[in-house]
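missing the sequence, but the structure's below:
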């Protein structure tokens with residue numbers, strides 16, 4: 001339950017609600033609906049939604065356009081949102097998602113809107129961005145540090161990064177995990193799959209998600225269960241082709257493309273023997289949390305983010321050889337693999353609860369609306385020359 005007076009809280013910088021895309025959108029929906037249930041006036045700025053309703057799960061929805069060009073779509077929509085926001089009744093607090101949107105924070109500061117900026121992962125490390133894109137993200141990080149009233153990190157490693165690079169404090173607020181206790185197997189049967197009878201990858205085809213290494217590792221293995229690979233990448237045709245080349249000629253590997261049917265995705269996560277997670281950039285990954293919540297054992301790329309989320313309970317790889325060994329062991333020790341999945345689900349229940357996430361957002365909104373701000377000390381922050 002909410003404590004104290006109700007607030008007006010704006011959420012800016014995502015595709016908005018209903019959630020149909022990624023981690024930010026899911027967070028906005030799950031947190032926003034809970035804050036609305038507690039009596040807060042939650043305003044979500046939204047683009048591209050098929051629904052044009054002005055209310056959703058208790059939240060007010062403001063539909064605004066965006067320039068439909070990859071490089072500026074998010075920025076243009078956030079710009080329109082910031083302009084809309086400053087000419088309306090001033091909210092008590094605003095949450096802006098994605099450090100790339102930091103150039104619009106001065107508009108909110110001009111309107112005296114207390115603002116927390118969700119920094120996301122280390123976006124400048126992603127291969128999809130060229131030199132200019134990487135340079136922009138690094139600049140935007142620093143500008144956001146200097147401009148926001150509070151910074152949100154979604155994992156300890158991200159918090160450590162901002163402490164190391166800028167000597168500024170962050171609010172460590174996770175994502176929540178959807179808990180799946182029972183999912184019918186009819187949908188996977190449509191794909192010719194059996195419960196507990198396949199390994200699963202769900203990822204965009206980008207080098208930092210290591211899908212090719214997973215496919216190569218699986219191909220080297222003696223695994224008997226098929227590998228189902230869900231994903232695509234409209235902007236990475238060369239890398240996508242390399243994944244298809246790695247899978248060519250192995251009937252055990254099934255590249256099924258993008259799947260946007262949430263019911264089918266839930267079934268795929270729930271009935272897999274393992275979920276194979278190659279993500280190496282970013283913090284607490286929603287796909288990993290979804291697998292944990294579905295009680296599916298995890299084979300993960302060996303980076304601190306993944307180890308921390310899993311509490312070191314899983315198989316970890318850095319090379320195709322490592323991945324091959326993990327696939328073979330997971331099948332050879334199937335009872336232990338299923339038990340690992342049950343432990344992962346219990347960790348998801350304990351450590352990644354959406355109610356706790358909403359509590360943290362509510363507390364932060366109250367604090368910044370009451371004058372808490374890092375701006376006085378952070379406005380002169382400079383990035384450390386030593387690389388992270």
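It's in. Everything numeric here is computed off the predicted structure, so don't read it as measured data. Numbering: from 1, shown residues only.

Low-confidence regions, the stretch 201-350 of the chain specifically.
Applying pLDDT under 70 to the stretch 201-350 of the chain flags the ranges 234-236.

Would you map the strands across it?
227-230, 253-257, 274-277, 297-301, 315-317 (DSSP state E, counting those that start in this stretch).

Touching the first one from outside, list them.
The set of residues external to strand 227-230 that reach it, using C-beta atoms under 8 Å, 6 or more residues apart in numbering, is 191, 193, 198-203, 211, 214-215, 218, 243, 247, 252-259, 265, 268, 272, 276, 327. Backbone N, C-alpha and C define where each C-beta goes, glycine included.

returning to that earlier point: so which of the strands of the stretch 201-350 of the chain is the most packed in?
Using mean count of other C-beta atoms under 10 Å, the stretch among those with the largest mean neighbour count is strand 274-277, at a mean of 28.

Could you list which residues are in contact with the closest residue to residue 168 other than its chain neighbours?
Closest residue in space to residue 168, ignoring its immediate chain neighbours: residue 378 at 4.7 Å, by C-beta to C-beta, 6 or more residues apart in numbering. The contact partners of residue 378, taken as C-beta under 8 Å, 6+ apart, are 145-146, 148, 166, 168.

thinking again about what came up before, weed out the non-buried ones from the contacts of strand 227-230.
193, 198-203, 211, 214-215, 218, 243, 247, 252-255, 265, 268, 272, 276, 327 (16 or more other C-beta atoms under 10 Å).

Just give the number of residues close to residue 122.
Residue 122: 21 surrounding residues under other C-beta atoms under 10 Å.

Any chance of the backbone angles for the nearest residue to it once chain neighbours are set aside?
Leaving aside its sequence neighbours, residue 122 sits nearest to residue 281 (C-beta to C-beta, 6+ apart; 5.6 Å). Main-chain torsions, residue 281, degrees, to the nearest 10: phi -120, psi 130.

Same question for residue 373.
Dihedral pair for residue 373: phi -160, psi 140, per degrees, to the nearest 10.

Show the contacting residues for it.
For residue 373, the contact set (C-beta under 8 Å, 6+ apart) comprises 114, 149-150.

Now tabulate those residues in a markdown table and tack on distance to residue 158.
Shown next, in a markdown table, are these (distance: C-beta to C-beta, whole Å):
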| residue | distance to residue 158 |
| --- | --- |
| 114 | 22 |
| 149 | 18 |
| 150 | 14 |
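
Mind checking which of the contacts of strand 227-230 are in helices?
With DSSP state H as the criterion, helices contain 211, 214-215, 218, 243, 247, 265, 268, 327 from among these.

Determine which two of these are furthest apart.
The distance between the two most remote of the ones in helices among the contacts of strand 227-230 (C-beta to C-beta) is 21.5 Å, for 265 and 327.

Distance check, the residue of the chain positioned farthest from its centre against residue 215.
Distance from the C-alpha centroid of the chain peaks at residue 249, with 33.2 Å (C-alpha atoms, centre = their mean). Look at residue 249 and residue 215: by C-beta to C-beta, to the nearest Å, they are 12 Å apart.
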